[in-house]
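Visitor: What follows is a protein structure lacking sequence information:
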């Protein structure tokens, strides 16, 4: 049954975590999360992702100022900014899907290691400013920021449509 | 250590599986895979995915004719076609990322259940023809096909760049 499989459990129990304790996150854990991101599948195995890891308080403050999710970034011990590397890109739709798979690998790993994290997208409205702030090579385009750390409160409940509503053909 | 965490293990050991035995896949397993797909995160929780499940031999034959990956689709007991639902869409980049996360959840679940699967993208060149074949509502756009079943041979080795090559900033 699904409830005995740890992967399915993690997929179903992962929630967006927006509040963090002050407990730091070790380099080893950060690297495990990045490794998982790197093991996502991608079209032609082009691995079109690049990462920036942000822990510096001043830099986080500047990043936080570029989004409504300000308090989340300020409160998270670590942020990973995920970029699409246009020098690796061969098909935008497929590459952006691969980026989504990479982010999901990281979120599942964060959850599986007992931490909590959240995928932030609203900051994309300021993607050029984020690029300037992080002195990003010009071939990189911001795709998302994942903020994470140790959670200091229970997660919210997740809501999803019944899966049958999402299936339009079975043949 | 990462090697003791079943989620990280699954993320790192998942491979594209392109050859399948004749062993059928139960409805229960298909539904578990779909459920996992439905638990992906999405911007504003818009859940922009829709699925078509294809097991009928004749329909698989017609689908197979639309891609170079013909033999994979012919040999797979089940194919799930994943669509972006434009009636739910609010930002193409974020929605396509969410689709990628949903596909990755399904691939990880396939692997975690002891089956094998592969993400097929080349068929997108014929996305309109796939839509006609599956009598797809006009607001749906094909994003990928996942073909899966029980594997009948050991997986190929995966190759990834060292993760440090993918990190351009640590601060």
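Guide: Okay, I see it. As the structure is a computational prediction, the values presented were derived from the model and not from experiment.
Visitor: Spatially nearest residue to the residue of chain A found nearest chain B, not counting backbone neighbours?
Guide: Residue nearest to chain B within chain A: residue A:100 (2.7 Å; CB to the nearest CB). The C-beta positions use only the backbone N, C-alpha and C, and glycine is treated the same way. The shortest distance from residue A:100 to any non-neighbouring residue, by CB to CB, 6 or more residues apart in numbering or on different chains, is to residue B:100 (2.7 Å).
Visitor: Name all residues that make contact with the one you found.
Guide: A:96, A:97, A:98, A:99, A:100, A:101, A:103, A:104 (CB atoms under 8 Å, 6 or more residues apart in numbering or on different chains).
Visitor: Please list only the buried members of these.
Guide: Neighbour-count burial (16 or more other CB atoms under 10 Å in any protein chain shown) applied to the contacts of residue B:100 gives A:96, A:97, A:98, A:99, A:100, A:101, A:103, A:104.
Visitor: what about the third one, distance to residue A:85?
Guide: According to CB to CB, to the nearest Å, residue A:98 and residue A:85 sit 11 Å apart.
Visitor: Ok, the fourth one next?
Guide: Here the distance between residue A:99 and residue A:85 works out to 10 Å (CB to CB).
Visitor: likewise the first one?
Guide: Distance of residue A:96 to residue A:85, given as CB to CB: 12 Å.
Visitor: quick revisit: for the contacts of residue B:100, which two are the farthest from each other?
Guide: Greatest spatial distance among the contacts of residue B:100 (CB to CB): A:96 and A:104, at 12.9 Å.
Visitor: Next SSE downstream of the strand ranked longest in chain A?
Guide: Secondary structure of chain A per DSSP state E: the longest strand is strand A:140-149. Downstream of strand A:140-149, the first helix or strand assigned by DSSP states H and E is strand A:167-170.
Visitor: and that following strand, does that touch chain B?
Guide: Yes. Counting by CB under 8 Å from any CB of the partner chain, chain B is contacted by strand A:167-170 at A:167, A:168, A:169, A:170.
Visitor: Then stretch A:30-48?
Guide: Yes. Against chain B, stretch A:30-48 shows contacts by CB under 8 Å from any CB at A:31-32, A:34-41, A:43, A:45, A:47.
Visitor: show me where chain A has helices.
Guide: Taking DSSP state H as the criterion, chain A carries its helices at A:6-13, A:27-38, A:57-64, A:70-75, A:92-112, A:127-133.
Visitor: Run through who's touching the fourth one.
Guide: Going back to what we said before, that points to helix A:70-75. Here helix A:70-75 has contacts from A:18-20, A:60-61, A:63-64, A:67, A:79, A:118, A:120, A:145, A:147, A:149, using CB under 8 Å, 6+ apart.
Visitor: at 6 Å instead, please
Guide: A:18, A:20, A:60, A:63, A:64, A:79, A:147 (CB atoms under 6 Å, 6 or more residues apart in numbering or on different chains).
Visitor: And the average pLDDT for it is what?
Guide: Confidence for helix A:70-75, expressed as mean pLDDT, is 98.
Visitor: Ok, the second one next?
Guide: With pLDDT averaged residue by residue, helix A:27-38 scores 97.
Visitor: buried sites along it?
Guide: Applying 16+ other CB under 10 Å to helix A:27-38 flags A:29, A:30, A:32, A:33, A:34, A:35, A:36, A:37, A:38 as buried.
Visitor: The shortest one too?
Guide: Neighbour-count burial for helix A:70-75 flags A:72, A:73, A:75 (criterion: 16+ other CB under 10 Å).
Visitor: and if you look at the last one?
Guide: The neighbour-count check on helix A:127-133 (16+ other CB under 10 Å) flags A:127, A:130, A:131, A:133 as buried.
Visitor: out of the residues you listed, which touch chain B?
Guide: Contacts with chain B within these, counted by CB under 6 Å from any CB of the partner chain: none were found.
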